[in-house]
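K.L.:
What would the 3D arrangement of this be:
(2 chains)
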Amino acid sequence: MIQIIFVILLATVGVAYSGESTPITAKQILQKMVRAMELSDYQGTVIFLKNDKLEAMKYFHTSSNNKEEERLVSLNSPMREIIRNSDEVTCLFKLTQQVIVDHRPYEHSFIVDVPKNLDELDASYEFEVVGEEDVAMIPTYVVAIQPKDEFRYIRKIWVSKGQFLPMKAEVYNISGVVLEQVAFTEIQVKKQATATAPSQQPIGVSLSAQGSDEAKNQTPSQAGFEVTAMPRGFKQIFFARKPLHKSEQPVDHLLLSDGFASVSVYMETKKVDMPSNSDLPEVIHSVGAVNSISRELANSQLTVLGEVPATTVKFIAAGIKLRSPAP
Amino acid sequence: MHDDVDTQKISRLIDADLSYDETLALLKKLQSDVNLKAKMCRYQAISQTLKTDEYYQVKPDFSDKVFQKIQHEPVYFLPQLKPQTAQFNGRNPQHTKKMFAVAASTLAAVVLVGQSLHDGPSVEKYQTLAEFKAPTPQLPTTVAKVEKARQNKHQPLNAQFNDYLQAHNSSVYTNGEANFQPYATVTSYGQR
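P.N.:
Numbering: from 1, shown residues only, chains lettered A, B, ... in the order given. Purely as a prediction, here's the structure:
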């Protein structure tokens, strides 16, 4: 009898122990992070390292009534303030008082954009907790996001253990060289996300077009070209036809994304002063993590650009064809 | 016809736009074609003057010394930091670097030879490697115009790239080089 009781006790303790010690998975951490980013009020100092240039900024995030606002204030010249309010990003240059307003329904954070539904990315990425480190004196989980092919970069995100906020994120090339980094040097959490918070409209990088009426009225089928080949997991998420340069000439802009990596395809009518194809060979241009390729397509100039390896822009550009006019 | 092709190739070589095979072929041709060498010399002088407003004279044995150094240069098998950018048309990066060094030294040699062929100032009158303002090249103006036009074409390309980058995502605002002057979607000026 005593033996039976001992066995039952042992089994109970074993079950309880195993329940407590089940390690949190990388996906769970990232899902908690997405939620915490939506619902928490926090601020701090952030450094951005891109193209070997370091930029330090004050960062503020507030959330109320299912609306988020992000604000970045530069600490060094050129002095500027960048505000994200829902789909709109505004940049104010303080010296010149110049204001730039961009409509960006497909972005949701200056720090790190992580899709809400990570299961959609299983074909393209593997998620793994690769360690625990301190960032800005705060303990974090280190989550590695490893691509399954050569069409995207490797990423790591350091997520704070207490509040599940992103403390640091890095992008690496295939050789493991850091291409970009963003990190908090100090952070204060004013309002923490609660488990009972009401469910919100998904706001991670959604793989469907969303945004203003103007953006909704424009669909990828209106583009003058079609993308016939994309790396696995990439989808068309946004299309706009609008002037981009000094002139009023419209430019077709199609944005593709796999959830983490994004690629823009631009097509505009070739101007007289643009170099001819012989002057502009099909070459890859690289600036930090961004690679781009340009080529002529009939009477148009096509440019594929994104924070992806050169292979990816080359692959996508090769599969772009002019759309046949509707009968 | 052949002259036009060679002229284009020289121009592209100076702009570092020529492929590996074409560069090799052109360098071989330069060794045997005096006229082509002279043309290369003129283009190089124009390009340098337009880009920097200065002209540097190098010592006559400069290219020989570079050549000798390259011959004795060991091959290091260190890991490449950015192999995908170091690749040039799929060739060995070490080989490519050597090839560019050879091309650079050959260019310098061609400049020297070309200068000596012309009735310009004597070598003694040149300053070596310092603050020497180039004389206005006595060349057909059309050649200079072509070079200038090529340079001007690159300006809109850079502006265009910036526009594309800005439209792509907001990272341009957090870039340390944020002194760009975007053209698109500027909504207001001089707010109070």
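K.L.:
State which one residue of chain A is found closest to chain B.
P.N.:
Residue of chain A nearest chain B, by Cβ to the nearest Cβ: A:Lys53 (2.6 Å). Where C-beta positions appear, they are placed from N, C-alpha and C, glycine not excepted.
K.L.:
What residues are bridge-paired with that residue?
P.N.:
With beta bridges defined as DSSP bridges, A:Lys53 has these partners: A:Lys50.
K.L.:
Just the C-alphas of stretch A:111-130, formatted as CSV.
P.N.:
What follows is stretch A:111-130, C-alpha atoms only, in CSV (Å, rounded to 0.1, in the frame of the first residue of the first chain):
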residue,chain,number,x,y,z
ILE,A,111,12.0,48.6,-34.1
VAL,A,112,11.1,45.2,-35.6
ASP,A,113,8.2,44.0,-37.7
VAL,A,114,7.1,40.5,-36.9
PRO,A,115,4.1,38.8,-38.5
LYS,A,116,1.1,37.9,-36.3
ASN,A,117,0.7,34.5,-37.7
LEU,A,118,4.1,32.8,-37.6
ASP,A,119,2.7,29.4,-38.7
GLU,A,120,2.5,30.9,-42.2
LEU,A,121,6.3,31.2,-42.3
ASP,A,122,7.1,27.6,-41.5
ALA,A,123,7.9,26.9,-45.1
SER,A,124,10.5,29.7,-45.2
TYR,A,125,12.0,30.0,-41.7
GLU,A,126,12.9,28.0,-38.6
PHE,A,127,12.5,29.6,-35.2
GLU,A,128,14.8,28.6,-32.3
VAL,A,129,15.7,29.9,-28.9
VAL,A,130,19.4,30.0,-29.1
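K.L.:
And that stretch, what's buried?
P.N.:
Residues A:Ile111, A:Val112, A:Asp113, A:Val114, A:Pro115, A:Lys116, A:Leu118, A:Leu121, A:Ser124, A:Tyr125, A:Phe127, A:Val129 are the ones in stretch A:111-130 that count as buried (16 or more other Cβ atoms under 10 Å in any protein chain shown).
K.L.:
now do stretch A:171-181
P.N.:
By neighbour count on 16+ other Cβ under 10 Å, the buried set for stretch A:171-181 is A:Val171, A:Tyr172, A:Asn173, A:Leu179, A:Glu180, A:Gln181.
K.L.:
those helices in chain A, which residues are they?
P.N.:
A:2-21, A:26-39, A:213-216, A:310-318 (DSSP state H).
K.L.:
least reliable of those helices going by mean pLDDT?
P.N.:
Note on these: lowest mean pLDDT is at helix A:213-216, with a mean of 45.
K.L.:
Got the phi and psi for the spatially most central residue of chain A?
P.N.:
Centroid-nearest residue in chain A: A:Asp113, 3.6 Å away (criterion: Cα atoms, centre = their mean). Note on A:Asp113: its backbone torsions stand at phi -100, psi 120 [degrees, to the nearest 10].
K.L.:
what does the model give it for pLDDT?
P.N.:
Value for A:Asp113, per-residue pLDDT: 91.
K.L.:
if I read this right, it contacts A:Phe260, doesn't it?
P.N.:
Yes: taking Cβ atoms under 8 Å as the definition, A:Asp113 is a contact partner of A:Phe260 at 7.4 Å.
K.L.:
out of the buried residues of stretch A:111-130, what pair is the most spread apart?
P.N.:
With Cβ to Cβ as the measure, no two of those lie farther apart than A:Ile111 and A:Ser124, at 21.6 Å.
K.L.:
any idea how the chain splits into domains?
P.N.:
As the question left the chain open, I've gone with chain A. A:26-190, A:213-322 (automatic domain parsing).
K.L.:
looking at chain B here, not the other one
P.N.:
B:2-138, B:140-192.
K.L.:
what bits of chain A have low per-residue confidence?
P.N.:
Counting by pLDDT under 70, the ranges of chain A that qualify are A:1-21, A:193-217, A:245-246, A:272-282, A:325-327.
K.L.:
and if you look at chain B?
P.N.:
Counting by pLDDT under 70, chain B contains low-confidence residues at B:1-2, B:53-64, B:71-102, B:104-157, B:176-192.
K.L.:
Having no further points to raise, I will conclude here.
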